[in-house]
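Sequence and predicted model, in that order:
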Amino acid sequence: MMIESVSGIGAASLSAGVRSPTAAAAPTEGPSFDQALAQVIGSAVDTLQAGEAVAIQGVQGAVSPMKVVDSVMAAQRSLQTVLAIRDKAVSAYQEVAHMAI
């Protein structure tokens, strides 16, 4: 009897426009966190590899110094982004590890 009463209250509150906690946690459109992270890291690796290749071509004299500088700066920005993500992940892990259970 008690369970039927509780389920009736939940149905009444949903029909009244009150959102349930599970409705708020429903997944949204778009990639998951791990897919987005893999995409960002993959893009950063590609940028670093391209910067390295252009730097080697610059040493060989095949490309202009301006193109070398642009590629190296793009690689540096990508590396800084990856390091910032890593720092945030480590910080979040440490915060969770120090929580009292």
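Nice, I can see it. Numbers count the residues shown, from 1 in each chain.

what's the helix or strand for residue 91?
Secondary-structure element containing residue 91, defined by DSSP states H and E: helix 65-97.

Point out where this structure drops to low pLDDT.
Judged by pLDDT under 70, the chain has its weakly predicted residues at 1-28.

center of it, which residue is that?
When Cα atoms, centre = their mean is applied to the chain, the residue found nearest the centroid is residue 37 (4.1 Å).

Confirm for me that it is in contact with residue 86.
No - the pair residue 37 and residue 86 fails to qualify as a contact (Cβ atoms under 8 Å) at a distance of 10.6 Å. In short, each C-beta sits where N, CA and C put it, glycine included.

how about the nearest residue to the residue nearest to the centre of the chain, chain neighbours excluded?
residue 85 (7.4 Å; Cβ to Cβ, 6 or more residues apart in numbering).

The one you found: how many residues sit nearby?
One way to gauge burial is a neighbour count; for residue 85, by other Cβ atoms under 10 Å, it gives 14.

what separates it from residue 77, distance-wise?
For residue 85, the distance to residue 77 (Cβ to Cβ, to the nearest Å) stands at 13 Å.

ok, now residue 84?
Residue 84 is 11 Å from residue 77, where distance means Cβ to Cβ.

Looking at these two now, which is surrounded by more residues?
Using other Cβ under 10 Å as the criterion, residue 84 and residue 77 rank with residue 77 on top: 13 against 10.

tell me the contacts of that one?
With contact taken as Cβ atoms under 8 Å, 6 or more residues apart in numbering, residue 77 is in contact with residue 47.

can you tell me how far it sits from residue 87?
16 Å.

just residue 34 next, same as before
From residue 34 over to residue 87 (counting by Cβ to Cβ), the distance is 18 Å.

Equivalent analysis for residue 79, please.
As judged by Cβ to Cβ, residue 79 and residue 87 stand 12 Å apart.

Which elements pack onto the helix or strand encompassing residue 35?
Assigned by DSSP H and E, residue 35 falls within helix 33-60. For helix 33-60, the contact count by 3 or more Cβ pairs under 8 Å, 6 or more residues apart in numbering; DSSP states H and E identifies helix 65-97 as packing neighbours.
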